[in-house]
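1. Here is my input; please provide its structure:
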Amino acid sequence: MEAYYMKCRTKREIKDPQAITMKNGKPATQGTCPTCGTKMFRIGKA
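-> Purely as a prediction, here's the structure:
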């Protein structure tokens, strides 16, 4: 799954994606950047 990475301002593939639920009950996907290891986050169903 791809997500827009704010730090590099590019779309990157999420490494180790995990489906999570936000506080408001909406689904999201969280993982890490394959290049630098920083957290990546994408709102929406995986």
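2. from here on, contacts and neighbour counts on C-alpha atoms
-> Noted.
3. which residues are in contact with stretch 6-23?
-> 1-5, 27-34, 40, 46 (CA atoms under 8 Å, 6 or more residues apart in numbering).
4. Export that stretch to PDB, keeping only CA atoms.
-> Only the C-alpha atoms of stretch 6-23 are listed here, as PDB (Å, rounded to 0.1, in the frame of the first residue of the first chain):
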ATOM      1  CA  MET A   6       5.200  14.400   4.100                       C
ATOM      2  CA  LYS A   7       8.900  14.500   5.000                       C
ATOM      3  CA  CYS A   8      10.100  13.700   1.400                       C
ATOM      4  CA  ARG A   9       7.000  14.900  -0.400                       C
ATOM      5  CA  THR A  10       6.700  11.700  -2.400                       C
ATOM      6  CA  LYS A  11       4.500   8.600  -2.500                       C
ATOM      7  CA  ARG A  12       6.200   5.600  -0.900                       C
ATOM      8  CA  GLU A  13       5.300   2.000  -0.200                       C
ATOM      9  CA  ILE A  14       4.500   1.400   3.500                       C
ATOM     10  CA  LYS A  15       6.800  -1.100   5.200                       C
ATOM     11  CA  ASP A  16       5.200  -3.400   7.800                       C
ATOM     12  CA  PRO A  17       1.700  -2.000   7.400                       C
ATOM     13  CA  GLN A  18      -0.800  -2.500  10.300                       C
ATOM     14  CA  ALA A  19      -4.500  -1.800  10.200                       C
ATOM     15  CA  ILE A  20      -5.600   0.400  13.100                       C
ATOM     16  CA  THR A  21      -8.700   2.200  14.200                       C
ATOM     17  CA  MET A  22      -8.400   5.900  15.100                       C
ATOM     18  CA  LYS A  23     -10.000   7.500  18.200                       C
END
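5. for it, the distance to its chain's centre please.
-> Averaging C-alpha positions (CA atoms, centre = their mean, to the nearest Å) puts stretch 6-23 1 Å from its chain's average.
6. Same question for stretch 21-28.
-> 13 Å.
7. Please put the alpha-carbon coordinates of the one helix or strand in the chain whose mean pLDDT sits lowest into CSV.
-> Among the helices and strands of the chain, strand 2-5 carries the lowest confidence by mean pLDDT, DSSP states H and E, at a mean of 84. Taking Å, rounded to 0.1, in the frame of the first residue of the first chain, the C-alpha atoms of strand 2-5 are listed here in CSV:
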residue,chain,number,x,y,z
GLU,A,2,1.3,3.5,-0.9
ALA,A,3,1.0,6.6,1.2
TYR,A,4,2.1,10.2,0.7
TYR,A,5,5.2,10.8,2.8
